Structures are given as C-alpha cells and as structure tokens.
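**Student:** Output the structure for:
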Amino acid sequence: MITSDPTIKGLADEAEFQLIVARENLHWLSALARAIARDAKGADGRDVERLIGLVSYLDDTGFSGIDDAIDQFKAASAGVAT
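**Tutor:** I've put the predicted structure just below:
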C-alpha cells in the first residue's frame, strides 16, 4: 500500500491492483462453493464438511482483502486534492 502522500495516478493504480487481487480470490472462493455443491449432490458427500470449514475460515480471515482495501483507500484518498 502507498505510504507517502499518494498521487491520483498512484492511488488509481493501487486500487486497480487491489481489485484484481480481490477478484482472483473471489474466483477461488466461488470454485470452492461449486465444489461443495457438486460434492453434496454426489453419492457420499465426504468432503462437504471440510470444504464448508475451509470457506468459513477464509471468510473469517478476510480472504478476499476487499474490506481492507476499501479502508486503505478511504484513508489514502483523504489526503488527495480533487
């Protein structure tokens, strides 16, 4: 994250990067959700509980990073003149 007074371009570039990372993480989370749904429909469903546990863990840890990125950009943009 930007530590000195950000420029508009620097802030926009960092925002784009953070959103790309968050999108990729959310794609992974979606793939896990689809795997859970497929396993639940299967004959044994043996991985459902473990996959749900993994999704819960990732959710609890702020896996996507989107909430942190929003807070960081609010703080950084407060010092940028428009």
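**Student:** tell me which element L51 is part of?
**Tutor:** Here L51 sits within helix 48-60, counting by DSSP states H and E.
**Student:** Would you mind putting the CA coordinates of that helix into CSV?
**Tutor:** Only the C-alpha atoms of helix 48-60 are listed here, as CSV (Å, rounded to 0.1, in the frame of the first residue of the first chain):
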residue,chain,number,x,y,z
VAL,A,48,-18.7,-31.3,2.2
GLU,A,49,-18.0,-30.6,5.9
ARG,A,50,-14.3,-29.9,5.3
LEU,A,51,-14.9,-27.7,2.3
ILE,A,52,-17.5,-25.7,4.3
GLY,A,53,-15.0,-25.4,7.1
LEU,A,54,-12.4,-24.0,4.6
VAL,A,55,-14.9,-21.5,3.2
SER,A,56,-15.8,-20.4,6.8
TYR,A,57,-12.1,-20.0,7.6
LEU,A,58,-11.4,-18.0,4.5
ASP,A,59,-14.4,-15.8,5.2
ASP,A,60,-13.4,-15.2,8.8
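**Student:** helix or strand right after that helix?
**Tutor:** helix 66-77.
**Student:** ok, now which ones touch the residue nearest in space to the middle of the chain?
**Tutor:** Nearest residue to the geometric centre of the chain (C-alpha atoms, centre = their mean): S64, 1.3 Å. By C-beta atoms under 8 Å, 6 or more residues apart in numbering, the residues touching S64 are A22, N25, L26, L29. Quick note: C-beta positions are derived from backbone N, CA and C, even for glycine.
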